[in-house]
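Chemist: Let's see this in three dimensions:
(one chain, ligands or ions: 1)
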Amino acid sequence: MAGTLIFSENPALVLELATAALEMDSGPVYALVINNGPQAEKLSNHGLAVLSVDEPGMSSFDTAGCAQAVAQTAGQKDLSMVLLSSDRRGKELAGRVAEAMHAGCLTDVKGFSLEGGQLAFTRNSLGGATLATQAIKTPAQVVAVSPRAFAPIAPTATGSIEAVKINVPASAVKLVETRSKAGDTVDLQAAERLVVVGQGVEDQSDLALVEQVAQALKAEIGCSKPVATDKKWYPEERIIGLSGKICKPALALILGVSGQVQFTVGVREAQVIVSVNNDENAFMNKIADYVLVADLKEALPELVRQLG
Ligand SMILES: Cc1cc2nc3c(=O)[nH]c(=O)nc-3n(C[C@H](O)[C@H](O)[C@H](O)COP(=O)(O)OP(=O)(O)OC[C@H]3O[C@@H](n4cnc5c(N)ncnc54)[C@H](O)[C@@H]3O)c2cc1C
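Modeler: You can find the predicted model right below:
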């Protein structure tokens, strides 16, 4: 039993999972696609061997059904490793797939190494304060990989599409309506540049200046948790950190964030971190590449002037 099955509804994340699977080098790699002909086509054109399930009775929002589909497909192809994306839905799926396959399961995985011939996975632990290295002892393994932990696979020669038959009971839940989310739909994890608002931005009226800075840098705006949950200045989709998004931008400009570990876990892998804070001893400054010790009341207008 060897080989890897990768699955995510997000095609961009499938390409990242494919890189992880190929680097693990443990047999053939298949990408599962459920009820989505165009996605199967797209992934196969990218060079992946696609296993395509077409079960009109199955709803993609029904995680229990999806888990059965993943487990059954892995079983049919005798694949011992399942890689899923460690986003909200992928984490739920991981537990259910692991249960169906009697497999050990790890989520939030950021990398792996070979330890004595066995795969060992690195993942955040203790609220992001440490990186743990853990191995799964069961023959079947389910691993949910953090978005952006691996680069997307480059396109190769045309792959293939193979139809797979599975037997999943009709969903007990009926999809009544699908509506796109009104308002804010930013994808912070895909952003190349981030400007992050912390509680050091003291007045809501200063957000106009933050937006000008973000526009000048062509950056998306994220925030620390209290800025969204207590002040309600931004929606919770924009929280960076343990309870929000783990991001890996090229540049993170951090405005008035103290740098508690629950926050820093969300930006510490940025290529360049710039911290603006009036406290030179702020934890945030310790992981920043550049520090501006300044009051944001003065620094924000100056940043707008300099970048404008
Ligand atoms: C289980 C759990 C999960 C959590 N998850 C998250 C998470 O995902 N994301 C998150 O952000 N937090 C999270 N938190 C909260 C986290 O611990 C911190 O409380 C939070 O990050 C603090 O936000 P902050 O840095 O914006 O505010 P503060 O800690 O209040 O820091 C404000 C900073 O601004 C500076 N400052 C103040 N005034 C000025 C000024 N005029 N000019 C310049 N600088 C100034 C201060 O020196 C200070 O460093 C979590 C907490 C728990 C317990």
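Chemist: how close does the residue of the stretch 201-308 of the chain found nearest the ligand get to Ser258?
Modeler: Nearest residue of the stretch 201-308 of the chain to the ligand (Cβ to the nearest ligand atom) works out as Gly241 at 2.6 Å. (Glycine included, C-beta is placed from N, CA and C.) Distance, Gly241 to Ser258, by Cβ to Cβ, to the nearest Å: 12 Å.
Chemist: quick one: common contacting residues for those two?
Modeler: Here Gly241 and Ser258 have no joint contacts, going by Cβ atoms under 8 Å, 6 or more residues apart in numbering.
Chemist: more neighbours, the two?
Modeler: It is Gly241, of Gly241 and Ser258, that has more neighbours when counted by other Cβ atoms under 10 Å, with 24 against 17.
Chemist: pLDDT score for the closest residue to Glu280 other than its chain neighbours?
Modeler: With sequence-adjacent residues excluded and distances taken as Cβ to Cβ, 6 or more residues apart in numbering, Glu280 is closest to Val293, at 4.6 Å. You'll see Val293 listed with a pLDDT of 98.
Chemist: what's stretch 150-168 in contact with?
Modeler: Contacts of stretch 150-168 (Cβ under 8 Å, 6+ apart): 12, 15-20, 22-23, 32, 40-41, 43-55, 57-58, 65, 68-69, 72-73, 76.
Chemist: who in the stretch 201-308 of the chain is up against the ligand?
Modeler: Proximity of the stretch 201-308 of the chain to the ligand, by Cβ under 6 Å from any ligand atom, involves residues 202, 224-227, 239-244, 256-258, 260, 262-263, 277-279, 282, 295-297.
Chemist: so who does the closest residue to the residue of the stretch 201-308 of the chain closest to the ligand other than its chain neighbours touch?
Modeler: Sequence neighbours aside, Gly266 is the residue nearest to Gly241 in space, at 3.8 Å (criterion: Cβ to Cβ, 6+ apart). Contacts for Gly266 were tallied using Cβ under 8 Å, 6+ apart; they are Gly222, Ile239, Ile240, Gly241, Leu242, Gly244, Lys245, Ile246, Cys247.
Chemist: is it possible to export those to JSON lines including distance to Ala163 and pLDDT?
Modeler: Output for those, formatted as JSON lines (distance: Cβ to Cβ, whole Å; pLDDT from 0 to 100):
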{"residue": "Gly222", "distance to Ala163": "42", "pLDDT": "98"}
{"residue": "Ile239", "distance to Ala163": "41", "pLDDT": "96"}
{"residue": "Ile240", "distance to Ala163": "41", "pLDDT": "97"}
{"residue": "Gly241", "distance to Ala163": "42", "pLDDT": "94"}
{"residue": "Leu242", "distance to Ala163": "41", "pLDDT": "88"}
{"residue": "Gly244", "distance to Ala163": "39", "pLDDT": "91"}
{"residue": "Lys245", "distance to Ala163": "36", "pLDDT": "90"}
{"residue": "Ile246", "distance to Ala163": "36", "pLDDT": "88"}
{"residue": "Cys247", "distance to Ala163": "37", "pLDDT": "92"}
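Chemist: Please flag which of those residues sit within strands.
Modeler: Counting by DSSP state E, the part of those found in strands is Gly222.
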